[in-house]
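J.: What follows is a protein structure lacking sequence information:
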Ligand code: NAP
């Protein structure tokens, strides 16, 4: 890789830098940019052979973003914004990857990144105040600070169906898609999974394959993306108001704008008014809140939620010609809409009207094994030339826990998270000083526009590093009690909503044995930003700042953090 510097020549001393970064996706790149601006040195490690993270790995047919392109990009530089024109309302994966490469080139970021290298361990020594990273290729690097920019959905999950090694055809996981185009022409293809990924891939694969069999366990609600080319003047108009947009987005619930906020509860409208409004929003399509934020209460009240859920079930029955297939596609009444990640689609339900598509219910008759010639469920054998696993990720914690993160005095992340992830603000873990997470569990992360959220996290960390340097400190640690308060707050916020009801990856239910904890913070991006700002302004309340070594640590605040709860 051009410009990549490796620290792996022989047994030389560890590379020493100011900050270590794990991951060169959208977060890692912005961190490198910010560190460079401050004159701080950095080494980033990236498992892929190039930049891009999610958009580097997820190259499956139909992959595209579901936040409008103009919003789903960096916003830290007006010049950068002006240097790029999106071609579609919802950009495709190739265009997103071109954009990310454009950013890496524009700011010459690759020279701080070691590619094709996975970090295996991270060890903090309180005596030296250094994190030491080791990689699967023998690199060793040290720095006082380490930032995990490892992504929320970066460890693919494939159910351990027996027999995959016997399969004579080709198999794929959507998140490890080959770089060369895959041609399904003339092939009998099976796809397992109908989450956001499956819903994007199914119409595209169906249009190419001889036959597509969809193995569906839980039917999903999806609404029309209404994707379309983006006119240059739309981009120009957006750019002209970029500063204003940045301000608006900071005060929004999910770090996106562009849909009317609800003013009424559903029962304040008549049945006819509700139907007319829902029809209008369905026809306009767009980002998930276009339909989910149509009325107040949809996220918290089952009756309000059912108004939208029933409407979508009605649409499924309207679009899908075979009533038996439509019934199979309708999500059950006990699955609130929005409690699983709400996808948006292009022609998803209509795809089931094609003669070459079959829908198989694997809730009723689960997949038993992969065979030499295809896949076997409890009811039948299916002959297939290719199987696509759109089976998701070990989300939010999987990638962090795959790294042996520990301190020399015996604290390990694995043990700390044995009962589910505990963090303070989704930024730090008590007991692991100077280690930061971007979009970690306990932060808005996957419940917000991820790029706006990663910029907010990175900016907060950079301001903190400035503060530490100016104040003569070199260590920050989250206080245990502040962390416990935060974990309670994250849980209480989620439990007041319908969100934890579904067996989703948000609660880890997709990975057998994973502790059931609602991982993202669902209190709103706006509220979260205000809290982060208030905590920083209050001398980093809930954190202990100190100088390691000779001088005794001098906590800036030694009061019981319960006194001034982080979330008050
Ligand atoms: P996912 O939402 O976890 O969906 C996985 C699918 O695989 C589900 O339908 C699941 O069924 C099925 N599955 C898992 N194990 C199975 C088994 N043993 N037998 C049968 N079916 C099984 O994963 P995803 O679709 O990859 O999406 C993950 C997340 O990535 C999304 O929620 C979203 O945040 C992100 N994403 C975003 C975009 C975008 O921005 N446009 C696109 C794609 C993905 P159950 O539902 O029954 O568990």
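T.: Arrived safely. Computed from a predicted structure; not experimentally measured.

J.: For residue 41, which residues are in contact?
T.: 17-19, 35, 112 (CB atoms under 8 Å, 6 or more residues apart in numbering). Yep, even glycine has a C-beta here, placed from its N, CA and C like the rest.

J.: what's the farthest-apart pair in those?
T.: Greatest spacing in these, by CB to CB: 18 and 112 (11.0 Å).

J.: Just to be sure, residue 121 is in a strand?
T.: Yes: assessed with DSSP: H, G, I helix; E, B strand; the rest coil, residue 121 lies in a strand.

J.: Am I right that it is in contact with residue 407?
T.: No: checked against CB atoms under 8 Å, the pair residue 121 and residue 407 is beyond contact range at 11.8 Å.

J.: higher neighbour count, these two?
T.: Between residue 121 and residue 407, residue 407 has the larger neighbour count (other CB atoms under 10 Å), namely 18 against 14.

J.: Does that one touch residue 126 like I think?
T.: Yes: here residue 407 reaches residue 126: they are 6.7 Å apart, a contact under CB under 8 Å.

J.: got any residues that touch both of those two?
T.: residue 433.

J.: Give me the pLDDT for residue 556.
T.: As predicted, residue 556 sits at a pLDDT of 44.

J.: Renumber starting at 614 from here on
T.: Okay, residue one is now 614; in that scheme the one you just asked about reads as residue 1169.

J.: what about the stretch 1064-1181 of the chain, any weak spots by pLDDT?
T.: 1163-1181 (pLDDT under 70).

J.: repeat for the stretch 614-763 of the chain
T.: For the stretch 614-763 of the chain, the ranges with pLDDT under 70 are 614-625.

J.: what sits up against the helix ranked longest in the chain?
T.: When the chain is parsed with DSSP state H, its longest helix is helix 1063-1084. If you take CB under 8 Å, 6+ apart as the criterion, helix 1063-1084 is touched by 632, 639-640, 643-644, 647-648, 651, 653, 684-689, 758, 760, 762, 765, 862-863, 868-869, 1039-1040, 1049, 1051-1052, 1056-1058, 1087-1089, 1138, 1142, 1145, 1149, 1153, 1158.

J.: which one of residue 631 and residue 725 has more residues nearby?
T.: residue 725 (24 against 16).

J.: how far away is the more buried one from residue 653?
T.: 10 Å (CB to CB, to the nearest Å).

J.: Near the residue of the stretch 964-1113 of the chain found nearest the ligand, how many residues? Count them for me, please.
T.: Closest to the ligand within the stretch 964-1113 of the chain is residue 1005: 2.6 Å, counting by CB to the nearest ligand atom. Neighbour count for residue 1005, taken as other CB under 10 Å: 25.

J.: now residue 1032
T.: Residues near residue 1032, counting by other CB under 10 Å: 10.

J.: Tell me who's in contact with it.
T.: 1128, 1130.

J.: For the stretch 914-1063 of the chain, just list every one of the strands.
T.: For the stretch 914-1063 of the chain, the strands defined by DSSP state E, counting those that start in this stretch occupy 957-958, 970-974, 980-983, 987-990, 994-996, 999-1002, 1017-1020, 1048-1050.

J.: Out of these, which is closest to residue 777?
T.: strand 980-983 (4.6 Å).

J.: hmm, the closest one in reach of the ligand?
T.: Yes: under the criterion of CB under 6 Å from any ligand atom, the ligand is reached by strand 980-983 at residue 980.

J.: isn't residue 868 right up against residue 859?
T.: No: assessed by CB under 8 Å, residue 868 is found out of contact with residue 859, at 10.4 Å.

J.: The two - which one has more neighbours?
T.: Regarding residue 868 and residue 859, a neighbour count based on other CB under 10 Å identifies residue 868 as having more, with 27 against 15.

J.: Close to the ligand: what parts of this protein are there?
T.: 677-679, 766, 772, 805-811, 813, 828, 830-831, 954, 975, 980, 1003-1006, 1059, 1118, 1123.

J.: and with 5 Å instead?
T.: Residues of the chain found near the ligand (CB under 5 Å from any ligand atom) are 678-679, 766, 772, 806-810, 830-831, 954, 975, 1004-1005, 1118, 1123.

J.: picking up where we left off before, in terms of pLDDT, where does the residue of the stretch 964-1113 of the chain closest to the ligand sit?
T.: Reported pLDDT for residue 1005: 98.

J.: ok, now residue 871?
T.: 88.

J.: Helix, strand, or coil at it?
T.: coil.

J.: what's near enough to touch it?
T.: Residue 871 neighbours (CB under 8 Å, 6+ apart): 681, 684, 899-900.

J.: What separation do you get for the residue nearest to the spatial centre of the chain and residue 1032?
T.: The centre of the chain sits closest to residue 765, judged by CA atoms, centre = their mean, with a distance of 4.1 Å. Counting by CB to CB, the gap from residue 765 to residue 1032 is 20 Å.

J.: How about residue 1111?
T.: 24 Å.

J.: same question, residue 918
T.: 29 Å.

J.: what's the residue lying closest to residue 627 once chain neighbours are set aside sitting at in phi/psi?
T.: Leaving out its chain neighbours, the residue that sits closest to residue 627 by CB to CB, 6 or more residues apart in numbering is residue 753, at 4.2 Å. Dihedral pair for residue 753: phi -130, psi 130, per degrees, to the nearest 10.
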